[in-house]
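Participant: How does the following fold in three dimensions:
(3 chains)
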Amino acid sequence: MTLSEAEVIVEGLIFASEWPLSPQDIAEIIELDETTVESVLENIRKRYEFGALTIRNVGGAYQMVTKPELASWIEKLGRPVINAPLTVASTETLAIIAYEQPVTRAEIEQIRGVRSDSAVNSLLERELICELGRKAGPGRPILYGVTDKFFQHFGIRSLEELPLQGITK
Amino acid sequence: MTLSEAEVIVEGLIFASEWPLSPQDIAEIIELDETTVESVLENIRKRYEFGALTIRNVGGAYQMVTKPELASWIEKLGRPVINAPLTVASTETLAIIAYEQPVTRAEIEQIRGVRSDSAVNSLLERELICELGRKAGPGRPILYGVTDKFFQHFGIRSLEELPLQGITK
Amino acid sequence: MGYLIQLEVYEGPFDLLLDLISKNEVDIWDIPIASITEQYLEYLYSLQEQNLAITGEFLVMAATLIRIKSRMLLPPEPVEEDELDEDFDPRRELVEQLLRYKFIKEVAEFLQGRYEQSTGLYTRGQPAAKFDFTPIYTNPVGDLTLRDLNQIYGSLKVEIVKEERVHSVPTRISVQEKLARVRIQLVGQPRVSFGDLLQDQTPAEVVLTFLAVLELVRLGEIAVVQEKSFGNINIVPYAIELEVQA
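Facilitator: Numbering: from 1, shown residues only, chains lettered A, B, ... in the order given. Here you go, the predicted structure:
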């Protein structure tokens, strides 16, 4: 079995990157056009069919992850479980934090129209959000923002990848 | 090509583990004896011969890394650029280190009343603080102090220039 | 009604309103406020019938809807300048809030989808290589100044001293006791500054005093006046009744 040099390099890049890599990112690094990169990726994906790992496509970028059927084994390593479902309250709160950060809890509650402490706490526990500092002014409320883990779990590299605001603020 | 189930599980474990796994660790998780684990590992290493990745033995434990010849490519992924300000925890920790240095993490935690490892780590990563040495006494804890970078950012040349109003030492 | 209806669960009043608007197939910019208000209240009544708790937010929205409804019935009052606008629509603020919430719900759905895609998938556990991938911080201290550091350090040190004092002088009073004390401080006065009530109090007492003042407002015994933002807060007692002990 021989593999093309490009295939090996791309495989190494996707493994080593902290973020999902888009074909553009890869094309830039290895100086090949995107179409070639796409076909190289296809070859890698085929080669991975039988092992423990897979290259998944999240929003057009590629990331190396374990196959879902191994989840129960990997949990035994004690890695935090990312499969516990998020409640609607949590995703709404997360959406607001992603868009409006840095944002206080009171501002989140104003947009959602309901109290959100438990949603904020559960997101802090999952390390999807963190405290960014405190807002000047009365009470010096805590400001929240999203974490690196947020970007990794959701396969998003920057806030620009979130759906665009369809209405004027 | 069919792979044994054990081979796939071990491959996934080594990829996802946050530390290198010893054959004992693996044997415990998959409930097989160590000799079998060693031969499973050998199979995985063989299978990896042609790709970008390899299983490296570090002090008797195994980890998944890219092959050395890919180094120059992987370096091109670059260091991530982060523009987030300091968190409240980090700011408090920095203030304590500036005024109390040389100071141990336990002393910082006593003043803040909460654990401060991640704040200390983040300040180290930002190169605002550094290790100054170790304190004499039980456990010989690390002593922290601020760096030249700290002085540059705040526009002062020495600790004597820190404002002292409202502070009773 | 003798049978149980399965009621839909809503995240909050905005969620319920959006659902009513979509069920009625009406234009969000032209909400038939009377009929939507009626349906909104019906939902609250049905919650009540099933002995389900109605949270404060739902009640506040009910009040808002009723206010908007009445303002739409009345001829526009010649009041504040910004409301002189001929296009002024009492529904506008609500509509803007609803649209904002609707957008957030869409993003939440997008995130939920992404999250489910990640279920059971694990990324690499260890650093991939010994290369220096430590982040470059372009903003290592933000806009933090030496003065900030001084104040933060000062307040951390003060907190320690305070905590020690609290330990040595345990004070345990209830809101009810605090309420009684505040009444005594207020009775017969034309007005009292909130700051004066707080003098020499520990943080725990400040909280109790604040709660007692809120309770007095609720009971209709006092009015609270603040002339400008961050200005002094004055308490005007008008119906304080001291419980006379036999």
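Participant: Would you point out which residue is most central in chain C?
Facilitator: Nearest residue to the geometric centre of chain C (C-alpha atoms, centre = their mean): residue C:57, 8.8 Å.
Participant: do you know how far the residue of chain C found nearest chain B is from chain A?
Facilitator: Using C-beta to the nearest C-beta, residue C:142 is the residue of chain C that sits closest to chain B, at 3.2 Å. From N, CA and C alone the C-beta is placed, and that goes for glycine too. Applying C-beta to the nearest C-beta, to the nearest Å, the value for residue C:142 to chain A is 7 Å.
Participant: gap between the helix or strand where residue A:120 lies and the chain center?
Facilitator: Following DSSP states H and E, the helix or strand that holds residue A:120 is helix A:117-125. Averaging C-alpha coordinates over helix A:117-125 and over its chain gives two centres that are 18 Å apart (C-alpha atoms, centre = their mean, to the nearest Å).
Participant: Can you list the buried residues in that helix?
Facilitator: Of the residues in helix A:117-125, those buried by neighbour count under the rule 16 or more other C-beta atoms under 10 Å in any protein chain shown are A:119, A:120, A:122, A:123.
Participant: and that helix, what's its mean pLDDT?
Facilitator: The average pLDDT within helix A:117-125 is 90.
Participant: So which elements touch the very next helix or strand once past that helix?
Facilitator: Following helix A:117-125 in sequence order, the next helix or strand is strand A:129-134 (DSSP H and E). Contact partners of strand A:129-134 among helices and strands, from 3 or more C-beta pairs under 8 Å, 6 or more residues apart in numbering or on different chains; DSSP states H and E: helix A:117-125, strand A:142-146, helix B:88-100.
Participant: And chain C, what are its domain boundaries?
Facilitator: According to the domain assignment given by automatic domain parsing, chain C is divided into the following structural domains: C:13-74+C:88-109, C:175-245.
Participant: Also chain A?
Facilitator: Following the assignment in automatic domain parsing, chain A carries domains at A:3-75, A:88-161.
Participant: so which of the ones you listed gets nearest residue C:231?
Facilitator: Evaluated with C-beta to C-beta, the domains of chain A place domain A:88-161 nearest to residue C:231, the distance being 11.7 Å.
Participant: Quote the end-to-end distance of the closest one.
Facilitator: In terms of C-alpha to C-alpha, to the nearest Å, the two terminal residues of domain A:88-161 are separated by 21 Å.
Participant: Residue A:113 reaches residue C:101, doesn't it?
Facilitator: Yes. Residue A:113 lies in contact with residue C:101 (C-beta atoms under 8 Å); the separation is 6.6 Å.
Participant: Can you work out which residues contact both of the two?
Facilitator: Shared contacts of residue A:113 and residue C:101, defined by C-beta atoms under 8 Å, 6 or more residues apart in numbering or on different chains, are found at C:14, C:15.
Participant: on contacts alone, who are the packing partners of whichever strand or helix holds residue C:206?
Facilitator: According to DSSP H and E, residue C:206 maps onto helix C:203-218. Contacts of helix C:203-218 with other secondary structure elements, assessed using 3+ C-beta pairs under 8 Å, 6+ apart, are made with helix C:175-186, helix C:194-197, strand C:222-226.
Participant: got the buried residues for it?
Facilitator: Of the residues in helix C:203-218, those with enough neighbours to count as buried (16+ other C-beta under 10 Å) are C:205, C:208, C:209, C:212, C:213, C:215, C:216.
Participant: Same question for stretch A:34-53.
Facilitator: Along stretch A:34-53, these residues count as buried under the neighbour rule (16+ other C-beta under 10 Å): A:36, A:37, A:40, A:41, A:44, A:47, A:48, A:51, A:52, A:53.
Participant: Could you list which of those belong to helices?
Facilitator: Those of the buried residues of stretch A:34-53 mapping onto helices are A:36, A:37, A:40, A:41, A:44, A:47, per DSSP state H.
Participant: Please render the residues you listed as a markdown table that adds distance to chain C and pLDDT to the earlier fields.
Facilitator: Written out in a markdown table, the entries for these read as follows (distance: C-beta to the nearest C-beta, whole Å; pLDDT from 0 to 100):
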| residue | distance to chain C | pLDDT |
| --- | --- | --- |
| A:36 | 24 | 92 |
| A:37 | 20 | 92 |
| A:40 | 19 | 93 |
| A:41 | 18 | 93 |
| A:44 | 16 | 93 |
| A:47 | 18 | 90 |
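Participant: near chain B, from those residues?
Facilitator: Restricting those to those adjacent to chain B (criterion: C-beta under 8 Å from any C-beta of the partner chain) gives residue A:47.
Participant: Between the ones in helices among the buried residues of stretch A:34-53, which sits nearest chain B?
Facilitator: Looking across those and measuring by C-beta to the nearest C-beta, the closest to chain B is residue A:47, at 7.4 Å.
Participant: Let me know whether the closest one touches residue B:52 as I believe.
Facilitator: No. Between residue A:47 and residue B:52 there is no contact under C-beta under 8 Å: 10.6 Å.
Participant: can you pull the contacts of residue C:236?
Facilitator: C:190, C:191, C:222, C:223, C:224, C:225.
Participant: Please report phi then psi for it.
Facilitator: Phi and psi for residue C:236, reported as degrees, to the nearest 10, are phi -110, psi 110.
Participant: lowest confidence element among the helices and strands of chain A?
Facilitator: Using mean pLDDT, DSSP states H and E, helix A:148-154 stands out as the lowest-scoring helix or strand of chain A, at a mean of 78.
Participant: what's residue C:101 in contact with, if anything?
Facilitator: When contacts are counted by C-beta under 8 Å, 6+ apart, residue C:101 touches A:111, A:112, A:113, C:14, C:15, C:18.
Participant: Let me know the pLDDT of it.
Facilitator: According to the model, residue C:101 carries a pLDDT of 93.
Participant: go on, the one 10 residues further on?
Facilitator: At residue C:111, the pLDDT value in this model is 88.
Participant: Which of the contacts of residue C:101 fall in strands?
Facilitator: Among these, DSSP state E puts none in strands.
Participant: count of residues packed around residue C:185?
Facilitator: Residue C:185 is surrounded by 15 other residues when neighbours are defined as other C-beta atoms under 10 Å in any protein chain shown.
Participant: Please read the previous query as pertaining to residue A:110.
Facilitator: 15.
Participant: picking that back up, what's the most buried one of the domains of chain C?
Facilitator: Across the domains of chain C, the average number of neighbours (mean count of other C-beta atoms under 10 Å in any protein chain shown) peaks for domain C:13-74+C:88-109, which reaches a mean of 16.
Participant: still on that earlier bit, okay, the domains of chain A in CSV with distance to residue B:11 next?
Facilitator: Supplementary listing: the domains of chain A in CSV, determined by distance: least, C-beta to C-beta, whole Å:
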stretch, distance to residue B:11
domain A:3-75, 4
domain A:88-161, 21
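Participant: Of these, which shows the lowest average pLDDT?
Facilitator: Here the lowest mean pLDDT among the domains of chain A goes to domain A:88-161, at a mean of 86.
Participant: Run through the residues that contact residue C:178.
Facilitator: Applying C-beta under 8 Å, 6+ apart, the residues contacting residue C:178 are C:205, C:208, C:209, C:211, C:212.
Participant: quick check, nearest of the residues you listed to residue A:158?
Facilitator: When those are ranked by distance to residue A:158 (C-beta to C-beta), residue C:211 comes first, at 44.2 Å.
Participant: that older thread, using CSV, lay out the contacts of residue C:236 together with distance to residue B:106 and pLDDT.
Facilitator: CSV is the format used below for these (distance: C-beta to C-beta, whole Å; pLDDT from 0 to 100):
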residue, distance to residue B:106, pLDDT
C:190, 55, 78
C:191, 51, 80
C:222, 49, 85
C:223, 52, 83
C:224, 46, 83
C:225, 50, 81
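Participant: so which pair among the residues you listed is furthest apart in space?
Facilitator: C:190 and C:224 (14.4 Å).
Participant: all strands in chain C, in order from the N-terminus.
Facilitator: Defined through DSSP E, the strands belonging to chain C, from first to last, are C:136-137, C:192-193, C:222-226, C:233-237.
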